[in-house]
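[1] only geometry, no sequence info:
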C-alpha cells in the first residue's frame, strides 16, 4: 500500500502526463487552467480516498478498543477474588438455603450439618450459590461459609483411609457412609484428610468434595 507521500507523487505524475497530452493537442494557452482544474480534481479524489482510509482506520481502532473492553470484562475477578467453582464448608449447624441471593427470596430448606462440603458455583458480593453433596442448588449468605475444606463419603459402605497416597498403602481407618473428613490437601487423585486424631490418605474418587469440575448441572 502506498504511503501518503508516495500516493501524492503518483498523483503528481498523472497530472503532468495529462497536461502534456492536452498541450500537444494545441491547447497550450489553456494548459495552466487545465492543470489547475486537473490538480484540483485529482487532489479531491485523492483526499476522498484518504478520508476513506482514515475512516476505516478509526473504525478498526474502535473495534480493537471494544475487543479490549470485552477481554477486560472476561478477565475481571469474582467479587471475592477467589476462583469459581471452589469448595467451602458450612460454618454453622443451621444455614438457610434460599432460591435467590437475598433474604427476600423464598426459603428452600435449612442445612443442619456444620462442616458440610459445598461447591460455590456463582457469587455476588454477599451471597454464594452452592451445590451440595446431594446435587441440589441454592443460595446462602457468605458469612455462613468457611474456607476450610471437607469431604463426604456419599456412597453406601465405608471408604478406606491409607497411610500413603497409593492403592497398596496400609489401611489406617475407614470413613463411614455420610461421614465427613477435614481436608489438608489434595494432589494427584488423593486427598490427605483427618478425622479427630486420625489422619491418612483417601482416594479422591471415593468422596464428594475433591473433584475440580462443577458438580451440579
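    Everything's here; your move. Predicted model, so just to flag it, every value in this text is computed and none were measured.

[2] use CA for all of it now, contacts and neighbours both
    Will do.

[3] surely residue 86 and residue 117 touch.
    No: counting by C-alpha atoms under 8 Å, residue 86 sits too far from residue 117 to count as a contact (10.5 Å).

[4] neighbour count for the two, which is higher?
    residue 117 (28 against 20; other C-alpha atoms under 10 Å).

[5] excluding sequence neighbours, find me the nearest residue to that one.
    residue 89 (4.4 Å; C-alpha to C-alpha, 6 or more residues apart in numbering).

[6] what is the burial count for that neighbour?
    Neighbours of residue 89 (other C-alpha under 10 Å): 24.

[7] measure residue 157 to residue 112 for me?
    23 Å (C-alpha to C-alpha, to the nearest Å).

[8] before we move on, what about residue 104?
    From residue 104 to residue 112 the distance is 21 Å (C-alpha to C-alpha).

[9] those two: which is more packed in?
    More crowded of residue 104 and residue 112, by other C-alpha under 10 Å: residue 112, with 13 against 9.

[10] quick check, that one in contact with residue 93.
    Yes: in this structure, residue 112 is within contact of residue 93 by C-alpha under 8 Å, at 4.6 Å.

[11] which helix or strand lies directly C-terminal to the helix or strand containing the residue nearest to residue 117?
    According to DSSP states H and E, residue 89 maps onto strand 86-90. Later in the chain than strand 86-90, the nearest helix or strand by DSSP H and E is strand 95-98.

[12] what's the average pLDDT for that next one?
    If you average the pLDDT over strand 95-98, you get 98.

[13] numbering from 48 from now on, please.
    Done: numbering now begins at 48, and the last item shifts to strand 142-145.

[14] what comes up buried for that strand?
    By neighbour count, with 16 or more other C-alpha atoms under 10 Å as the criterion, the buried positions of strand 142-145 are 142, 143, 144, 145.

[15] bridged to the third one, which residues?
    What that stands for is residue 144. residue 156 (DSSP bridges).

[16] helices and strands of this structure: which one bottoms out on pLDDT?
    helix 78-122 (a mean of 44; mean pLDDT, DSSP states H and E).

[17] no further queries at this time; thank you.
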